[in-house]
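Engineer: Next input, structure requested:
(2 chains)
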Amino acid sequence: MAETAAEKAATAKRDRVFLVVVDDSPEREVALKYACLRARNGGGRVALLRVVEPVPMIEWAGVGVLMAEERREEAEKLLSGLGAQVQEITGGMPILLIREGEPRDELLALLEEDPRISILVLASAAAGSGGPGPLITALTGRHGSRLRVPLTIVPGGLDDKELERVT
Amino acid sequence: MQVYLPIAEMSVDAFLLMGIGFGVGWLSGLFGVGGGFLLTPLLILVGIPSPVAVASGANQTLGASVSGLIAQWRRGNVDARMGTVLLAGGFVGSVAGVQLFALLRRVGQVDLAVSLFYVVVLGTVGGLMVVESVKAILRRRTATRRKLHEHFWAHGLPLKMRFRKSRLYISVIPPFLIGAGIGLLSAVMGVGGGFMLVPAMIYLLGMPTSVVIGTSLFQVVFVAANVTLLAAVQLGTVDVLLTLLLLAGGVAGAQFGAQMGTRLRGEETRALLGLLVLGVALSLLWGLLRPPENLFSTGPAL
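Structural biologist: From the prediction side, this is the model:
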């Protein structure tokens, strides 16, 4: 039985993955919500990336190990909490990714390595904070040419109603 | 270029001092340490009197730690409440330390005491560091999971206080005593004491690692400032010219070191730091043990 174009499109849609970078900014909530709504309305999955800061040079090896462990645990806790939120909206468990290093470099490296990711979703910082945020600035400026997937920028000031409308 | 140091009462080559400042700044940037424990013995080795060397070491630590503290404070990694308790202990300890120092100076044993402190403290710390990192290099050991709520006698002490950022509800007595001990070392050795404070906070107080570095810097900065101030006021051992020359070298060195440090990580670096600490202790030990060039010195009879 031959697949119709519509069916093909539907499968493709289900396979697409929206990547949201989980940082500590207030606008990450908006990016996450947008990605969830798009995934729910149009099919697809959500992936959450948390970049953990590498442990600085500490005099004691044991302290360094403990520190790395605690950071990883914290990241896992945060991601599983957000994962539950995502599941509530989309009905599917998101892909949880934890990497260690500099956020921008790790994000670009992930996009290069992981072919599953189809769209990167970032939310811009609210007005009056002097720029859209470091990742957007980097990816639309100097590092724009290294981007391997389309980038969606969600205005950080959108409320739930407006988000529903644009998704 | 010889310059005369008014407080140390001696002439030294200005470029040598700037070089020492550069080297110590470079290492402290590289390893992320205060550098007081390196500067004080180096100054003693080039012939600066111990009291002046100790005061300069405290001053160097202060300078090296302030920017770190500001960065940690901005990111909310300082438990100010715990820091204040530690600091209260630190003030008591450093005031006591300066009195001890003044007493030692009166009886003329200050050089010996400073060297002994260095040999014992740095010998222990350096030895432990080397052993720990060699173990870690030999086998990627699986860290034994720390139990989060281990109760021992310290938890029965009175004067309990809630430290929200550290997620602790403990007596203020242990942190106060730890702070006092570090303050004493700081006054006698001219070190910040972060290398002992950090493990003490984690293993003795049970603080989460995320706030440990910021909070220890909080204590180190204010205690080092207090030691410098007391040394200047009570002992009169802070040499402005010496400090200026060391800082000029140190600022430049720290930049280079910090840049290199981002590329140098891990066990090997740590082993190197341990060896360096151990080397400093051994060189001071040698200074104590080797027979002096003039076994007897003659002076005018009093």
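Engineer: Tell me the secondary structure at the residue nearest the centre of chain A.
Structural biologist: For chain A, the residue sitting closest to the mean C-alpha position, by CA atoms, centre = their mean, is A:Val20 at 1.3 Å. Following DSSP: H, G, I helix; E, B strand; the rest coil, we place A:Val20 in the strand state.
Engineer: For the stretch 101-250 of chain B, which segments are assigned as strands?
Structural biologist: Ranges of strands within the stretch 101-250 of chain B are B:160-163, B:168-171, based on DSSP state E, counting those that start in this stretch.
Engineer: between those strands, which one is nearest to chain A?
Structural biologist: strand B:168-171 (14.5 Å; CB to the nearest CB). C-betas here are computed from N, CA, C, even on glycine.
Engineer: Find the residue at the geometric middle of chain B.
Structural biologist: Most central in chain B under CA atoms, centre = their mean is B:Val191, positioned 2.3 Å from the mean C-alpha point.
Engineer: residues in contact with the residue of the stretch 201-302 of chain B found nearest chain A?
Structural biologist: Proximity of the stretch 201-302 of chain B to chain A (CB to the nearest CB) peaks at B:Thr209, 4.0 Å away. Counting by CB atoms under 8 Å, 6 or more residues apart in numbering or on different chains, B:Thr209 makes contact with A:63, A:66-67, A:70-71, B:202.
Engineer: again, but for A:Pro134
Structural biologist: Counting by CB under 8 Å, 6+ apart, A:Pro134 touches A:103-104.
Engineer: Distance of it relative to chain B?
Structural biologist: Between A:Pro134 and chain B the computed distance is 15 Å (CB to the nearest CB, to the nearest Å).
Engineer: Quick check, pLDDT for that residue.
Structural biologist: The model reports A:Pro134 with a pLDDT of 83.
Engineer: B:Leu168 now?
Structural biologist: For B:Leu168, the pLDDT comes out at 85.
Engineer: So it sits against B:Leu205, correct?
Structural biologist: Yes - B:Leu168 is within contact range of B:Leu205, at 7.0 Å (criterion: CB atoms under 8 Å).
Engineer: so what sits against both of these two?
Structural biologist: Residues touching both B:Leu168 and B:Leu205 by CB under 8 Å, 6+ apart: B:Met82.
Engineer: And B:Gly36, how close does it get to B:Asp13?
Structural biologist: Separation of B:Gly36 from B:Asp13 (CB to CB, to the nearest Å): 22 Å.
Engineer: ok, the two, which is more surrounded?
Structural biologist: A side-by-side neighbour count of B:Gly36 and B:Asp13, using other CB atoms under 10 Å in any protein chain shown, places B:Gly36 first with 31 against 13.
Engineer: What residues does chain A have near chain B?
Structural biologist: A:54, A:56-67, A:69-71, A:74 (CB under 8 Å from any CB of the partner chain).
Engineer: Apply 10 Å and report the result again.
Structural biologist: A:24, A:53-71, A:74, A:102 (CB under 10 Å from any CB of the partner chain).
Engineer: burial count for the nearest residue to B:Met196 once chain neighbours are set aside?
Structural biologist: In space, and not counting its chain neighbours, B:Met196 is closest to B:Ile182: 6.3 Å by CB to CB, 6 or more residues apart in numbering or on different chains. Neighbours of B:Ile182 under the rule other CB under 10 Å: 28.
Engineer: one step back: among the strands of the stretch 101-250 of chain B, which is the most enclosed?
Structural biologist: Using mean count of other CB atoms under 10 Å in any protein chain shown, the stretch among these with the largest mean neighbour count is strand B:168-171, at a mean of 16.
Engineer: Mind giving me the packing neighbours of that strand?
Structural biologist: helix B:80-106, strand B:160-163 (3 or more CB pairs under 10 Å, 6 or more residues apart in numbering or on different chains; DSSP states H and E).
Engineer: ok now the longest one, how far from the chain's centre?
Structural biologist: Same thing as helix B:80-106. 13 Å (CA atoms, centre = their mean, to the nearest Å).
Engineer: Is it correct that B:Leu45 is in contact with B:Leu284?
Structural biologist: Yes - counting by CB atoms under 10 Å, B:Leu45 does reach B:Leu284; the two are 8.6 Å apart.
Engineer: quick revisit: including distance to A:Pro132, could the strands of the stretch 101-250 of chain B go into TSV?
Structural biologist: Listed next are these as TSV, based on distance: least, CB to CB, whole Å:
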stretch	distance to A:Pro132
strand B:160-163	37
strand B:168-171	39
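Engineer: quick one on the thing from earlier: find the nearest non-adjacent residue to the residue nearest to the centre of chain B, please.
Structural biologist: Closest residue to B:Val191 apart from its sequence neighbours, by CB to CB, 6+ apart: B:Gly36 at 4.1 Å.
Engineer: For the one you found, list the residues it contacts.
Structural biologist: B:24, B:28, B:54, B:56-65, B:186, B:189-194, B:220, B:224, B:227 (CB atoms under 10 Å, 6 or more residues apart in numbering or on different chains).
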